[in-house]
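In: Build me a structure from this.
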Amino acid sequence: MSYEPVQARVKVIKHSYDDNPDYSNVWEYDKDGNIISRPYRIFGKNRYETAVQVAMDYWHYFKEGPETTIIANGKDYPDALAAANLAGRYKGVILLTDSKTLPESTKHHLEGLGGSDVIIVGGEAAVSTEVFQEIENIERVSN
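Out: The predicted model follows:
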């Protein structure tokens, strides 16, 4: 089977809680009707907001919220990187936090996750007891 080459184009998609991103131009098809994806960029103002935007992409792709939310330290990436397998296994997303404070963007996203289970990756040096307790006390609203 031979494919005609499709020139990849980068589409920058930036969305926030209130936006509906346009995914209509993300997919291309070869002559046999097989989907060929094109790269697109998801980003935020900082690493914490970028993680939230990636999590929002989950909602837009699967049309439902994740079953699990994984929290990892955003300044020391190995825990978050190692947690990627957990996110895949438990149909989840990874959000980032500082070790001692929970960023507002992460907190805001957690509030909207409804019954999503939360797994915190790393010891107390990575995610402090205070952040752990703040996450425990977040009142989540089902969407």
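In: Apart from its neighbours in sequence, what residue is nearest the residue nearest the centre of the chain?
Out: For the chain, the residue sitting closest to the mean C-alpha position, by Cα atoms, centre = their mean, is Ala55 at 2.3 Å. Excluding the flanking residues, the one nearest Ala55 by Cβ to Cβ, 6 or more residues apart in numbering is Val93, at 3.9 Å. C-beta here means a position set from N, CA and C on the backbone, and glycine is covered the same way.
In: average pLDDT for the strand or helix carrying that neighbour?
Out: In this structure, Val93 sits in strand 92-97 according to DSSP states H and E. Computed over strand 92-97, the mean pLDDT rounds to 94.
In: Tell me the helix or strand right after that strand.
Out: Defined by DSSP H and E, the subsequent element after strand 92-97 is helix 104-111.
In: Show me the contact partners of that following helix.
Out: Around helix 104-111, the neighbours that count as contacts under Cβ atoms under 8 Å, 6 or more residues apart in numbering are 17, 44, 48-49, 51-52, 55-56, 69, 71, 95-97, 118, 134-135, 138-141.
In: Could you rerun that using 6 Å?
Out: Applying Cβ atoms under 6 Å, 6 or more residues apart in numbering, the external contacts of helix 104-111 come out as Tyr48, Glu49, Val52, Leu95, Thr97, Ile138, Arg140.
In: Out of those residues, which end up buried?
Out: Tyr48, Glu49, Val52, Leu95, Thr97 (16 or more other Cβ atoms under 10 Å).
In: Redo these as JSON lines? Include distance to Asp79.
Out: Listed next are the buried ones among the contacts of helix 104-111 as JSON lines, based on distance: Cβ to Cβ, whole Å:
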{"residue": "Tyr48", "distance to Asp79": "14"}
{"residue": "Glu49", "distance to Asp79": "19"}
{"residue": "Val52", "distance to Asp79": "17"}
{"residue": "Leu95", "distance to Asp79": "12"}
{"residue": "Thr97", "distance to Asp79": "10"}
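In: Hmm, the residue nearest to Ala55 is touching Tyr58, no?
Out: Yes: at 5.2 Å, Val93 and Tyr58 qualify as touching, with contact defined as Cβ atoms under 6 Å.
In: Now intersect the contacts of helix 104-111 with the helices, please.
Out: Tyr48, Glu49, Val52 (DSSP state H).
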